[in-house]
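> Only the shape, not the letters, is given here:
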Ligand SMILES: [Zn+2]
């Protein structure tokens with residue numbers, strides 16, 4: 001009998017709880033400063049631009065542009081031993097923040113600058129948490145549903 005595959009469990013704190021709660025419903029939340037308008041991710045207790053201490057939550061449309069990516073061939077954790085290779089990407093969301101995400105559904109040579117849609121899916125995370133996954137965005141035809149092909 002083999003042991004169950006270990007899973008990644010992102011830390012949920014009072015600061016990140018709104019993000020994970022909304023992520024469970026498929027919504028990507030960002031933070032926005034009511035004073036200077038800066039939008040950022042991951043969550044922080046104060047605005048990284050002006051240090052205002054009352055950030056607001058903003059739902060992202062999930063659309064962005066592929067800034068960079070890398071292919072991971074070596075399993076750096078037992079939780080990903082059976083999913084390598086996979087792509088880790090930096091996506092510039094239209095709202096402003098650059099986020100780290102998995103990238104799926106792309107040809108072998110992903111093109112930098114390609115439009116992407118970030119959705120949340122259950123996968124490597126335990127405890128019902130959903131993680132961001134970016135796919136190429138094809139307006140009008142890329143609903144968030146569908147299987148997640150391996151990178
Ligand atoms: Zn600010």
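Alright, I've got the coordinates. Quantities reported herein were computed from a predicted structural model and do not represent experimental measurements. Numbering: from 1, shown residues only.
> end-to-end on stretch 73-92?
Using Cα to Cα, to the nearest Å, the span of stretch 73-92 from its first residue to its last is 24 Å.
> what residues does that stretch touch?
The contact list for stretch 73-92 (Cβ atoms under 8 Å, 6 or more residues apart in numbering) reads 5-8, 64-72, 98-104, 106, 110, 116, 118, 124, 134, 150-151. (C-beta placed from N, C-alpha, C; glycine too.)
> Contacts only, for the nearest residue to residue 52 once chain neighbours are set aside.
Excluding its sequence neighbours, the residue lying closest to residue 52 (Cβ to Cβ, 6 or more residues apart in numbering) is residue 35, at 4.2 Å. The contact partners of residue 35, taken as Cβ under 8 Å, 6+ apart, are 47, 50, 52, 54.
> of the residues you listed, buried ones?
residue 47 (16 or more other Cβ atoms under 10 Å).
> right, and the helix or strand after whatever helix or strand residue 119 lives in?
For residue 119, the host element (DSSP states H and E) is strand 115-121. Counting by DSSP H and E, the next helix or strand C-terminal to strand 115-121 is strand 131-136.
> Give me the helices and strands touching that next one, please.
If you count contacts as 3 or more Cβ pairs under 8 Å, 6 or more residues apart in numbering; DSSP states H and E, strand 131-136 packs onto strand 98-103, strand 115-121.
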